[in-house]
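>>> sequence below, structure please.
(chains A and B)
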Amino acid sequence: MMTGYTIVFYLLAAMTLVTALLAVTSRQIFRSAIYLMATLLGIAGLYFWMRYEFVAAVQIVVYAGGIAVLIIFSIFLTQQAGEKLPPPASRRTLFAALAVLSGFILAMLQVMRFPFSGTREAPVDAGMSAIGKQMLSVEKGGYALPFEVVSILLLAAMIGCIVIALRAKPQELKTIKN
Amino acid sequence: MEPGLYHILFVSMALFFIGIYGFLTRRNLITMLMSVELVLNSVCLNFIAFNKYLWHHQMDGLFFTVFIIAIAAAEAAVAIAIIINLYKTHKSINVETAEEMKY
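Residues are numbered from 1 along each chain as shown, chains lettered A, B, ... in the order given. Predicted structure coming up:
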């Protein structure tokens, strides 16, 4: 008996995997970026399906809204319009596909044989206020320290980007000195 | 059959290996970055699935996912800054032309 819950899962999984496959094989880089965006949205749909609305919202905002747009802009800045990527060497494709397939089958066999035993305790409510309280808590089990570390990392990344983007050319340096 | 942990693990494993395949076959830096994003996303999906089906009385997997997403955003921003700079100096974003960055 296929319920709506099951059908939605299979639709989301199929969309995610098919668009991911297209994203890594498409020879037009812009299309490949759009397929990547569809994959990220499919994963956000899977989070919604598992009832983790907060992570799904973060996924849509940061990944599908932020990183995908960043990638599309960088394609505009570095690629000629309508230009196709050269096809990868067939030997490399063959060996990569073989390695990936054998890795997938081995890992999947191990996962299928492993008996996962979950907890019997009642599930907590992963609502917005519970998440906010635990993320900024300094008690046991709180995530205040990683939160601060990530904010420092973001600051460092921002400064790094500015330094990389502002590196002047040699002749410009000369004019600044003069 | 009701989809459970094994189904999600199948999806995330397939995403992981699709990302690896793209990383091995692509020679353009932006498409390689996209493959890395796929791998990171499969890891996030794993964390959420384990949290949902095995340890649903706590929320640690959720926090790990949020932190991974934040770090991935920072990493993508720095990588794209480097790629655009490379394009300015070399007029190409192929990995083979980036060889001399070693020296």
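
>>> where does chain B have low pLDDT?
Confidence mapping of chain B against pLDDT under 70 gives the ranges B:1, B:101-103.

>>> residue closest to the middle of it?
With distances taken as CA atoms, centre = their mean, the residue of chain B nearest its centroid is B:Glu37 (2.5 Å).

>>> following element in sequence after the helix or strand harbouring that one, please.
In this assignment (DSSP states H and E), B:Glu37 forms part of helix B:29-53. Reading on from helix B:29-53 to the C-terminus, the next helix or strand found by DSSP H and E is helix B:60-90.

>>> who touches the closest residue to A:Ile131 other than its chain neighbours in this structure?
Nearest residue to A:Ile131, sequence neighbours excluded (CB to CB, 6 or more residues apart in numbering or on different chains): A:Phe54, at 5.5 Å. Bear in mind the C-beta positions are built from the backbone N, C-alpha and C, glycine included. Contact analysis of A:Phe54 by CB atoms under 8 Å, 6 or more residues apart in numbering or on different chains lists A:Ala126, A:Met128, A:Ile131, B:Leu62, B:Val66.

>>> same thing with A:Ser32?
A:Leu22, A:Ala23, A:Val24, A:Ser26, B:Thr31, B:Met34.

>>> out of these, who's the most crowded?
Taking other CB atoms under 10 Å in any protein chain shown as the neighbour criterion, B:Met34 ranks highest of the contacts of A:Ser32 with 28 neighbours.

>>> may I ask which helix or strand of chain A has the lowest mean pLDDT?
Among the helices and strands of chain A, helix A:170-177 carries the lowest confidence by mean pLDDT, DSSP states H and E, at a mean of 56.

>>> the host helix or strand of A:Val163 vs helix B:60-90, what angle?
Per DSSP H and E: A:Val163 is located in helix A:144-165. Helix A:144-165 runs at 10 degrees relative to helix B:60-90, counting by axes from the mean of the first three to the mean of the last three CA atoms, to 10 degrees.

>>> which helices and strands does helix A:144-165 pack with?
Applying 3 or more CB pairs under 8 Å, 6 or more residues apart in numbering or on different chains; DSSP states H and E, we find helix A:144-165 packed against helix B:60-90.

>>> any low-confidence regions in chain A?
In chain A, residues with pLDDT under 70: A:1, A:81-82, A:167-178.

>>> quick one: the strands in it, in order.
Counting by DSSP state E, chain A has no strands at all.

>>> name the nearest residue to the residue of chain A found nearest chain B, sequence neighbours excluded.
For chain A, the residue closest to chain B is A:Val24, as judged by CB to the nearest CB, at 3.0 Å. Nearest residue to A:Val24 in three dimensions, chain neighbours excluded: B:Gly22, at 3.0 Å (CB to CB, 6+ apart).
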